[in-house]
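Enquirer: Give me a model of this one.
(one chain, ligands or ions: 2)
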Amino acid sequence: MARIFHLSDLHFGAHDERLVEAVEERINAGRPDLVVISGDFTQRARTDQFEEACAFLTRLRDSGHEVLGVPGNHDVPLYDVLRRFLSPLTRYKRYIDETLCPFHEVPGAAVLGINTARSLTFKDGRINEEQMEFIRSTFARVGDVPRILVTHHPLFALPVSDGLEVGKAIGRQDLALDSIGEAGVDILLAGHNHRASTHSARDLATRAGPALVIQAGTATSTRLRDEEQSFNQIDIEGRDVVLTIQTWGGSGFVAGDTQGYRRDGDHWRPIAEAEADVETA
Ligand SMILES: [Fe+2]
Ligand SMILES: [Fe+2]
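Expert: Ligands and ions are numbered 1, 2, ... in the order given. The predicted structure follows:
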């Protein structure tokens, strides 16, 4: 089994220290194979904020945890225009990770991160053609394990309630969806919206391949959008994925009900539904 803790939108500089401590406690107790952080490490890409994020990562690594991160739009300077266009991710590379396309293989899963943050389209995300080729070539080398792609920006506009959506689809979504389909991506992890949710990609865009779309809320930011801070515990066993959302309850993170999904051809379905179909067949 592969266990991944999926955190997002830490926003150091606009964070709550109690939540940072509680997240660390949970990570140390849960012993994940990999901690994924899908961007927005800082609030305004300032040096002191990156230093705090770096100290958090150092503590995790010193405790023996593997960490994979990608930048978010808040990790690109907004007001320092020179830096934003000439060296937008210099601080990210210095304090978080030299590589912007980290790849980790853990027992039972292969995980690739791609940078979708851009200086020009500050809030919106993009995947360029070189990155699409990198996604295809990287996953072509892995064995028969779930292939997980991590981005800060979700590839889809996501439904929040009847007829309402949040955010925009990633730039040139059709090309991005084609490349993740060709690369055989099974699971997409992202953040940015500060809302936790799970979808089958096919329900979000007809062109989408068979991917399970998992969004993380903000783990530690004080800026909330209609829901408390949370992060995702993802347990992968063969073609089953069990997701447990850990939500801030005021004095600690509390595990919610588990949600199980099983890959069924080109679709992901709740495990209970898939098993009921087998019984009645
Ligand atoms: Fe964010
Ligand atoms: Fe963001």
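Enquirer: Can you say which helix or strand has the one residue in the chain that gets nearest to ligand 2 in it?
Expert: Nearest residue of the chain to ligand 2, counting by Cβ to the ion: H192, 3.9 Å away. Glycine gets a C-beta too; all of them are placed from N, C-alpha and C. If you go by DSSP states H and E, H192 is not part of any helix or strand.
Enquirer: How about the contacts made by I114?
Expert: Applying Cβ atoms under 8 Å, 6 or more residues apart in numbering to I114 gives the contacts V70, L100, C101, I127, Q131, F134, I135, L149, V150, T151.
Enquirer: how about the helices in the protein?
Expert: Under the criterion DSSP state H, the chain contains helices at 17-30, 47-62, 81-86, 90-95, 129-140, 173-182, 201-204, 271-280.
Enquirer: Reformat these as CSV; add mean pLDDT, distance to T116 and mean neighbour count.
Expert: Below are those laid out as CSV (pLDDT from 0 to 100; distance: least, Cβ to Cβ, whole Å; neighbours: other Cβ atoms under 10 Å):
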stretch, mean pLDDT, distance to T116, mean neighbour count
helix 17-30, 98, 23, 16
helix 47-62, 98, 18, 16
helix 81-86, 68, 16, 12
helix 90-95, 96, 13, 18
helix 129-140, 96, 9, 15
helix 173-182, 92, 9, 19
helix 201-204, 90, 16, 18
helix 271-280, 79, 30, 11
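Enquirer: okay if I get those helices as CSV plus distance to Q233?
Expert: Shown next, in CSV, are the helices of the chain (distance: least, Cβ to Cβ, whole Å):
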stretch, distance to Q233
helix 17-30, 6
helix 47-62, 15
helix 81-86, 35
helix 90-95, 26
helix 129-140, 24
helix 173-182, 24
helix 201-204, 21
helix 271-280, 16
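Enquirer: wait, which of those is closest to ligand 1?
Expert: helix 47-62 (12.8 Å).
Enquirer: Please list the outside residues in contact with that closest one.
Expert: Applying Cβ under 8 Å, 6+ apart, the contact partners of helix 47-62 are 10, 12-13, 15, 20, 24, 27, 35, 41-43, 67, 69, 91-92, 94-96.
Enquirer: what's the answer for stretch 235-253, then?
Expert: 1-4, 19, 22-23, 25-26, 108-109, 146, 187, 196, 198, 212, 214, 217, 227-234, 254-263, 268, 271.
Enquirer: So which of those sit within strands?
Expert: Residues of those located in strands (DSSP state E): 2-4, 109, 187, 198, 212, 214, 230-234, 254-263, 268.
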